[in-house]
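whatever this is, show me its structure:
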Amino acid sequence: MIYTLKTTKAKRGVIAIKKKYQDIKAILNEELLKYENSNIEVVEVGNHYPSGWELDTVKNATGIKIPQFELTANYGVLVLNVSTLASIYNAIKFRRPLLERYFGLSGNGVNNYNFRARVGTKISDLVKVAGGYIDEEIPKVLVLGGPMMGSNTLSDDVVINQTTTSMIVFNNEEYFEEPCIHCAACVYSCPVKIQPVQIMNALKSGDVSGLEMLEVNKCIECGLCSYVCPSKIHLTEYMRQSKRFLREKGN
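Here you go, the predicted model:
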């Protein structure tokens, strides 16, 4: 972070950490004592999800409110995660390009394992190293990324790139979407205050103007609407489809 502050001529560095991680906060503060006049501080943010959403993190850690669709840099803020900072350090200190990244396998359908793997490594090879799939006779559901914002993939024949972080493997369980009961749980939980069911209905009817009016492009695909839905409706996927539909229509 010190290298980044010098490079960008930023006046202040902030490490945002959830309030519940007091032990990690103590370690970070102890480390910062080794660097006098670094202008870096550890700031607590909420334990809620999605507190890692960029705009939410910036608001809670710095007090700066940035509108959606605006670049944080236009408001004097540069947001970097731990992996990026580590890569910057390695590039400056050791002239080492980004050749490796951490990758995790988790879920009830695979042996859970964490790797530091070369970019370009096939995920299927990592599965073999981890001991293979559990209960191979049961069909698997593969999710690239986290449990809330990850996306399904049909095969593990995928290579790790600079942004791939993990794959979750679930043993497939059959369940079916039920009709919406109009409980509004998806609306109450949405961090960007859109209406997922109304957007889903507009998509099904091909209503372009309706999707624009309902501001589907504000969706950050956090997955909360799907998670809270008692009818098991894949609302997040409908949001993704709606945004693709608008792009195809040139809106």
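
and for the residue nearest to Gln241 when sequence neighbours are not counted, the neighbour number?
Closest residue to Gln241 apart from its sequence neighbours, by Cβ to Cβ, 6 or more residues apart in numbering: Leu203 at 6.0 Å. No exception for glycine: its C-beta is placed from N, CA and C like everyone else's. By the criterion of other Cβ atoms under 10 Å, Leu203 has 22 neighbours.

list the contacts for Leu203?
Each residue near Leu203 by Cβ atoms under 8 Å, 6 or more residues apart in numbering is listed here: 211, 238, 241-242, 245.

now it: which helix or strand?
Element membership for Leu203, per DSSP states H and E: helix 196-204.

shaky segments in the chain?
Along the chain, segments meeting pLDDT under 70 span 251.

just the helices in the stretch 151-251 of the chain please.
For the stretch 151-251 of the chain, the helices defined by DSSP state H, counting those that start in this stretch occupy 185-189, 196-204, 208-213, 224-228, 235-248.

which one, of these, ends up nearest to Ala130?
Nearest to Ala130, of all these, is helix 224-228, at 26.8 Å by Cβ to Cβ.

can you list contacts of the closest one?
Counting by Cβ under 8 Å, 6+ apart, 49-50, 148, 185-186, 189-191, 196, 233-237, 239 sit against helix 224-228.

buried ones only from the residues you listed, please, as a ChimeraX command.
ChimeraX command restricting these to the buried ones, with burial defined by 16 or more other Cβ atoms under 10 Å:
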select :50,185,186,190,191,196,233,234,235,236,239
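
which helix or strand contains His125?
Actually, residue 125 is Asp. It isn't His. When elements are assigned from DSSP H and E, Asp125 belongs to helix 123-129.

helices and strands around that helix, which ones?
Contact here means 3 or more Cβ pairs under 8 Å, 6 or more residues apart in numbering; DSSP states H and E; on that basis helix 123-129 packs against strand 100-106, strand 113-118.

which strands and helices sit next to the next helix or strand after it?
The helix or strand immediately downstream of helix 123-129 is strand 140-144, counting by DSSP H and E. Here strand 140-144 touches strand 151-153, strand 166-171, going by 3+ Cβ pairs under 8 Å, 6+ apart.
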